[in-house]
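K.L.:
Predicted structure and sequence below. I'll ask about it afterward.
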Amino acid sequence: MRGRVTALATLAVAVVLVTTGVALVAQQRSVLIEQLDEAIAADADRLVDELGTSPTAADLVIAGDDDAVAQLMTPSGDVVASSPSLAVTSPLGEIPDGVGDVFATSSSIGTDDVMYRVLSRLVPAADGRTFVIHIASPRDDIDETVGALVVSLSATVPIVTGVLAMLIWVLVGRTLRPVERIRAEVAEIGRSGLDRRVPRPPGRDEIARLATTMNEMLDRLEVSMRQQQRFVADASHELRTPLTRIRSELEVELSHPAIHVDADGSDPATLRSMLEEVEALQRLIDDLLVLARGDESDDIDARRPVDLDDVLLDEVRSLRRTGVAIDVSHVSGAQVVGNRDQLRRIVRNVLDNAVRHASASVTVSLSERRDTITLAVADDGPGIPADRQHVIFERFGRVDESRSLSLGGTGLGLAIARDLVERHAGTIAVDAEYTLGARFVVTLPKPCLPG
Ligand code: ADP
């Protein structure tokens with residue numbers, strides 16, 4: 001935008017300057033030629049006044065102007081007399097049609113290639129005859145003056161255009177700087193929540209008004225997002241209590257079938273399936289609550305140094321009973337600063353997915369690089385097709401609906417993991433190069449050590 005505005009404005013300035021320059025040169029030339037014509041006409045008047053009946057070359061010397069020459073002709077085209085300094089014998093100009101001066105420009109008068117301005121006039125002589133007088137004066141002074149003007153304009157126009165282009169570039173940059181600041185802030189808002197506002201430049205110009213309008217829009221967005229989050233949180237919370245009750249009733253029913261036998265006799269298999277469904281619903285509601293609480297649960301004070309290897313090994317231990325072999329030989333000590341519960345949730349969601357999808361084994365690695373800590377979880381399961389890798393981090397985004405549902409997932413695990421990872425200024429992605437199954441890579445920033 002800055003480049004485009006500068007280019008267009010510079011082009012407009014250049015066009016205006018060049019047009020003005022051309023007009024100035026043309027006007028200067030015509031003024032100078034007019035002055036020269038007046039001087040030639042005055043010479044002609046003087047010469048004609050002093051002309052006798054049989055003029056000679058000596059009569060055609062123009063006093064006070066060595067370079068001007070005169071020629072006298074009969075109306076039929078015969079040269080009667082010429083100035084002594086005139087090098088050519090041919091007529092200097094046309095025979096005029098009537099009374100009055102006719103001016104023309106000629107290049108075939110001097111020995112050099114100087115242009116001449118030529119006056120032609122019919123002159124009645126005292127003896128009743130008519131002569132034609134031509135007076136020619138070189139135009140080189142005018143051409144030199146105009147040439148000098150063209151040279152100086154050709155030098156100044158590009159310099160002025162260049163200086164103006166720089167000025168426009170700086171001014172447009174200064175004008176657009178608040179717009180760039182607003183854009184950067186909006187990009188940041190997209191990443192880190194709706195509680196930030198764009199900077200409002202001082203004054204009441206269009207950019208200040210744009211910033212105000214944008215902040216008002218962000219206010220409305222924030223309110224509506226909070227209302228939506230509160231609704232989901234309240235609804236999830238309300239659903240928890242009846243579900244807990246149903247779950248405990250089902251558990252009691254299953255553990256004491258003899259005591260709680262219905263009239264029609266409940267089938268334990270049906271009860272178990274109902275219990276599974278209730279458990280799945282509870283997991284879904286827990287996940288919804290985590291997502292809905294969003295930033296509210298993000299207590300900055302709860303951020304402390306956390307040994308990620310401890311959290312990881314804890315989670316691995318709780319998954320041992322699943323029968324999937326989990327290789328932790330590549331886990332080294334690594335500390336991050338963050339919310340312990342949220343970090344545990346990230347590890348659990350990724351690890352739980354790996355164990356659920358693995359055929360036989362899962363490999364976990366934790367390593368420290370220069371600025372980051374990298375956690376990688378690989379399994380030997382079916383993997384994630386390249387075209388679905390962007391979907392699985394969406395809420396309820398699944399590779400294959402039927403397969404995932406049968407594995408008991410809620411479809412929110414990775415969405416939550418990504419949310420929490422981003423709140424810790426990290427990244428989570430599928431390793432697209434890995435072909436033996438699925439490999440998830442989480443990177444988190446290494447804490448800055450004091451000093
Ligand atoms: P779910 O609770 O359904 O597992 P997630 O958000 O955790 O939801 O994962 C989204 C989808 O990503 C899953 O439904 C599954 O299709 C796919 N997925 C996640 N982890 C793996 C994995 N290790 N191997 C294969 N597919 C996976």
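P.N.:
Cool, the structure landed. Everything numeric in this text was worked out from a predicted model, so none of it was measured.
K.L.:
Could you give the number of residues near the residue of the stretch 1-150 of the chain found nearest the ligand?
P.N.:
At 40.2 Å from the ligand, M1 is the closest residue in the stretch 1-150 of the chain, using C-beta to the nearest ligand atom. For glycine as for every other residue, the C-beta is placed from the backbone atoms N, C-alpha and C. Per other C-beta atoms under 10 Å, the neighbour tally for M1 reads 9.
K.L.:
and it, how far is that from L8?
P.N.:
M1 sits 11 Å away from L8, going by C-beta to C-beta, to the nearest Å.
K.L.:
close enough to count as contact, the residue of the stretch 1-150 of the chain closest to the ligand and G173?
P.N.:
No: in this structure, M1 is not within contact of G173 by C-beta atoms under 8 Å, at 10.2 Å.
K.L.:
Let me see the contact set for the residue lying closest to T372 once chain neighbours are set aside.
P.N.:
Sequence neighbours aside, T443 is the residue nearest to T372 in space, at 4.7 Å (criterion: C-beta to C-beta, 6 or more residues apart in numbering). For T443, the contacting residues are T372, I373, T374, L375, G426, T427, I428, by C-beta atoms under 8 Å, 6 or more residues apart in numbering.
K.L.:
Which of these sits closest to the ligand?
P.N.:
For the contacts of T443, the nearest to the ligand is I428 (11.0 Å; C-beta to the nearest ligand atom).
K.L.:
and that closest one, what is it in contact with?
P.N.:
Counting by C-beta under 8 Å, 6+ apart, the residues that I428 touches are I346, V350, F393, L414, A417, R418, V421, F440, V441, V442, T443.
K.L.:
Tell me the bridge partners for the last one.
P.N.:
Which is T443. T374, T427 (DSSP bridges).
K.L.:
quick check, V364 in a helix?
P.N.:
No: checked against DSSP: H, G, I helix; E, B strand; the rest coil, V364 lies outside a helix; its state is strand.
K.L.:
Enumerate the beta-bridge partners assigned to it.
P.N.:
Judged by DSSP bridges, the bridge partners of V364 are V377.
K.L.:
how far away is it from V442?
P.N.:
V364 is 11 Å from V442, where distance means C-beta to C-beta.
K.L.:
shared neighbours of these two, which are they?
P.N.:
L375, A376.
K.L.:
re the thing from before, which of the contacts of T443 are buried?
P.N.:
With burial judged by 16 or more other C-beta atoms under 10 Å, the buried subset of those is T372, I373, T374, L375, G426, I428.
K.L.:
what's the domain layout of this protein?
P.N.:
Domain assignment of the chain by automatic domain parsing yields the ranges 2-144, 206-291, 302-445.
K.L.:
JSON lines for these, including distance to L194?
P.N.:
Output for the domains of the chain, formatted as JSON lines (distance: least, C-beta to C-beta, whole Å):
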{"stretch": "domain 2-144", "distance to L194": "29"}
{"stretch": "domain 206-291", "distance to L194": "4"}
{"stretch": "domain 302-445", "distance to L194": "14"}
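K.L.:
hang on, the earlier thing: please determine how far the residue nearest to T372 is located from the ligand.
P.N.:
Distance, T443 to the ligand, by C-beta to the nearest ligand atom, to the nearest Å: 18 Å.
K.L.:
Same list (the domains of the chain) but as a markdown table, adding mean pLDDT.
P.N.:
Shown next, in a markdown table, are those (pLDDT from 0 to 100):
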| stretch | mean pLDDT |
| --- | --- |
| domain 2-144 | 85 |
| domain 206-291 | 84 |
| domain 302-445 | 89 |
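K.L.:
what's the burial count for G98?
P.N.:
Counted with other C-beta under 10 Å, G98 comes out at 6.
K.L.:
same deal with S359?
P.N.:
11.
K.L.:
again with the one 10 residues further on
P.N.:
If you count neighbours by other C-beta under 10 Å, R369 ends up with 9.
K.L.:
That one: what's it in contact with?
P.N.:
K446.
K.L.:
repeat for the one 3 residues further on
P.N.:
Taking C-beta under 8 Å, 6+ apart as the contact definition, T372 lies against G426, T443, L444, P445, K446.
K.L.:
and it, how far is that from A334?
P.N.:
According to C-beta to C-beta, T372 and A334 sit 10 Å apart.
K.L.:
host element of P305?
P.N.:
strand 303-307 (DSSP states H and E).
K.L.:
Does the residue of the chain most remote from its centre lie in a helix or a strand, and which?
P.N.:
No residue in the chain sits farther from the centre than D127, which is 87.2 Å out by C-alpha atoms, centre = their mean. Under the criterion DSSP H and E, no helix or strand holds D127.
K.L.:
for H330, same thing?
P.N.:
strand 325-331.
K.L.:
List the buried residues for that strand?
P.N.:
In strand 325-331, counting by 16+ other C-beta under 10 Å, buried: I326, V331.
K.L.:
How about it and the ligand, any contact?
P.N.:
No: counting by C-beta under 6 Å from any ligand atom, the ligand has no neighbours in strand 325-331; the shortest distance is 12.9 Å.
K.L.:
helix or strand right after the biggest helix by length in the chain?
P.N.:
Counting residues, the longest helix found in the chain (DSSP state H) is helix 140-192. Moving toward the C-terminus from helix 140-192, the next helix or strand (DSSP H and E) is helix 206-255.
K.L.:
by contact count, what packs against that next one?
P.N.:
On a contact count with 3 or more C-beta pairs under 8 Å, 6 or more residues apart in numbering; DSSP states H and E, helix 206-255 meets helix 140-192, helix 268-293.
K.L.:
Return the angle between stretch directions for the shortest one and helix 206-255.
P.N.:
Interaxial angle, helix 268-293 versus helix 206-255 (axes from the mean of the first three to the mean of the last three C-alpha atoms, to 10 degrees): 160 degrees.
K.L.:
List the buried residues in helix 268-293.
P.N.:
271, 274-275, 278, 281-282, 284-285, 287-292.
K.L.:
Spit out the contact partners of R29.
P.N.:
Contacts here follow C-beta under 8 Å, 6+ apart; on that basis R29 touches I142, V146.
K.L.:
coming back round to it: okay, the helices and strands packed on helix 206-255 in CSV with distance to D49 next?
P.N.:
CSV is the format used below for these (distance: least, C-beta to C-beta, whole Å):
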stretch, distance to D49
helix 140-192, 26
helix 268-293, 110
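K.L.:
Write out the residues of the chain neighbouring the ligand.
P.N.:
Counting by C-beta under 6 Å from any ligand atom, the residues of the chain near the ligand are 349, 353-354, 357, 379, 381-382, 384, 392, 397-400, 404, 409-415, 438.
K.L.:
R121 belongs to a strand?
P.N.:
Yes: counting by three-state DSSP, R121 is located in a strand.
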